[in-house]
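**Student:** build the 3D model from these lines:
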Amino acid sequence: MPTGIILALVIIGLLMVVAGLLWLLFYSYAVRMSYRLFGRPQPRPPYDKSPLSIDQNTIFGRGQNWFYSNRMNILDWQMTSFDGLKLAAYYIPAAKSTTRDVVILLHGFNDAPSVMAAYAQLHLEKRDCHILIPHMRAHGMSEGDFVGYGLFDSQDIAMWMQYLETRLGPDLRIVLHGRSMGAAAAIITAGSGIAPDTLQGIIADCSFDTLDRQFSHLCVRKYRFSCKPFLSLVKKVAMERFGFPVDKCSPLAMAPRISVPVLLFHGTEDDLVPSEMSDNIFNALRAPKRICLIEGAEHCMAYNDAPEQYATEIDKFRDSLSDNEWQRLIGKY
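**Tutor:** Prediction:
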């Protein structure tokens, strides 16, 4: 065989080996990224305990301090999810056991459920109500090896609502109040048709519109360029390893199906979840709706940066649910 042909075959073989190695590297990085995005952020602790130190420079830190200062008055609830996971929740009973108002607070990705205590204080200051703060799957004391991003959590939330009915009786008036991933979970729950009739309203703070777009945004934010081929592989791995259909995780797709009033919050300087995502959800909603953009606030900091405005909007929203004057909600502030 001529030397030139042998040399060409060798070069082709080397190129194939290099291409194979590059593909293996590309695929292994996609697998690592999938586990980083979907894997449990923190190990499940053996028991719930207060952090060694709490930064009280924010309203959320002060709320967390209030939570652990009153921990003995907060009950621990547990139930089993549709797929066999042991899920945990904090329950703060209303002052009057006959109260029918309930607020379910839904935390974000890698959040401690106790951070939602600041919102619990806000609601309790306005009116007597029961408060439930679930540990989202794969967070805190709840079991789970991968994060639900609101899609799997919507099933859990609907079950928590049914669980509340068994413990507190029928005719409840439930409001879902979530931030970030918890906001997305609230919207998906309301639009999926699985929530019981006791659901009265949604408060969503800094929700993404679709998980696909959120991942794309984070990719551009980190690497400064679009990574569509890489993200396509990550989504494929997520489906293979976790059974998670990323394309179906879409609060935006669920928004037109929601029939209860919705109040949206977002900070204009949110670099993690752009405020335009809440705009997109707002425009897709057909139910009574209102959006409140907090100027200069970063991700999930709307309440901290504008507490009076945030509290006023919450109060107006809760009043509108009580007297059914939903028309007051329609608008953009």
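**Student:** switch to C-alpha atoms for all contacts and neighbour counts from now on
**Tutor:** Noted.
**Student:** show me where pLDDT drops low in the stretch 101-250 of the chain?
**Tutor:** Applying pLDDT under 70 to the stretch 101-250 of the chain flags residues 223-226.
**Student:** kindly recompute the last result at 80.
**Tutor:** For the stretch 101-250 of the chain, the stretches flagged by pLDDT under 80 are 222-230.
**Student:** how about the strands in it?
**Tutor:** 101-106, 130-134, 173-179, 199-205 (DSSP state E, counting those that start in this stretch).
**Student:** the shortest one vs strand 101-106, what angle?
**Tutor:** Pointing back at strand 130-134 there. Here strand 130-134 runs at an angle of 20 degrees relative to strand 101-106 (axes from the mean of the first three to the mean of the last three C-alpha atoms, to 10 degrees).
**Student:** SS state for residue 264?
**Tutor:** strand (DSSP: H, G, I helix; E, B strand; the rest coil).
**Student:** how far away is it from residue 206?
**Tutor:** 8 Å (C-alpha to C-alpha, to the nearest Å).
**Student:** please enumerate the shared neighbours of these two.
**Tutor:** residue 278 (C-alpha atoms under 8 Å, 6 or more residues apart in numbering).
**Student:** dump the strands of the stretch 101-250 of the chain into CSV; add mean neighbour count and distance to residue 268 as well.
**Tutor:** Converted to CSV, these look like this (neighbours: other C-alpha atoms under 10 Å; distance: least, C-alpha to C-alpha, whole Å):
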stretch, mean neighbour count, distance to residue 268
strand 101-106, 24, 22
strand 130-134, 25, 27
strand 173-179, 25, 15
strand 199-205, 25, 12
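**Student:** how about a markdown table for those strands, with distance to residue 301 added?
**Tutor:** Converted to a markdown table, the strands of the stretch 101-250 of the chain look like this (distance: least, C-alpha to C-alpha, whole Å):
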| stretch | distance to residue 301 |
| --- | --- |
| strand 101-106 | 15 |
| strand 130-134 | 19 |
| strand 173-179 | 10 |
| strand 199-205 | 9 |
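**Student:** and of those strands, who's closest to residue 54?
**Tutor:** Checking the strands of the stretch 101-250 of the chain against residue 54 by C-alpha to C-alpha gives strand 130-134 as the closest, at 19.0 Å.
**Student:** what residues are up against the spatially most central residue of the chain?
**Tutor:** By C-alpha atoms, centre = their mean, the chain has its centre lying nearest to residue 181, at 1.5 Å. Going by C-alpha under 8 Å, 6+ apart, residue 181 touches 107, 108, 109, 149, 150, 207, 208.
**Student:** quick one: the last one and residue 249 touch, right?
**Tutor:** No: Residue 208 lies out of contact with residue 249 (C-alpha atoms under 8 Å); the separation is 10.0 Å.
**Student:** the two: which is more packed in?
**Tutor:** residue 208 (29 against 23; other C-alpha atoms under 10 Å).
**Student:** where does the residue nearest to the more buried one when sequence neighbours are not counted land in three-state SS?
**Tutor:** Distance criterion C-alpha to C-alpha, 6 or more residues apart in numbering; nearest residue to residue 208, sequence neighbours excluded, is residue 277 at 5.6 Å. What three-state DSSP gives for residue 277 is helix.
**Student:** what's the burial count for residue 45?
**Tutor:** 11.
**Student:** for it, helix, strand, or coil?
**Tutor:** Secondary structure, three-state DSSP: residue 45 is coil.
**Student:** okay, residue 264 and residue 206: which has more neighbours?
**Tutor:** The residue with more neighbours, out of residue 264 and residue 206, is residue 206; 31 against 24, by other C-alpha under 10 Å.
**Student:** surely the more buried one touches residue 266?
**Tutor:** Yes: between residue 206 and residue 266 there is a contact at 4.8 Å, judged by C-alpha under 8 Å.
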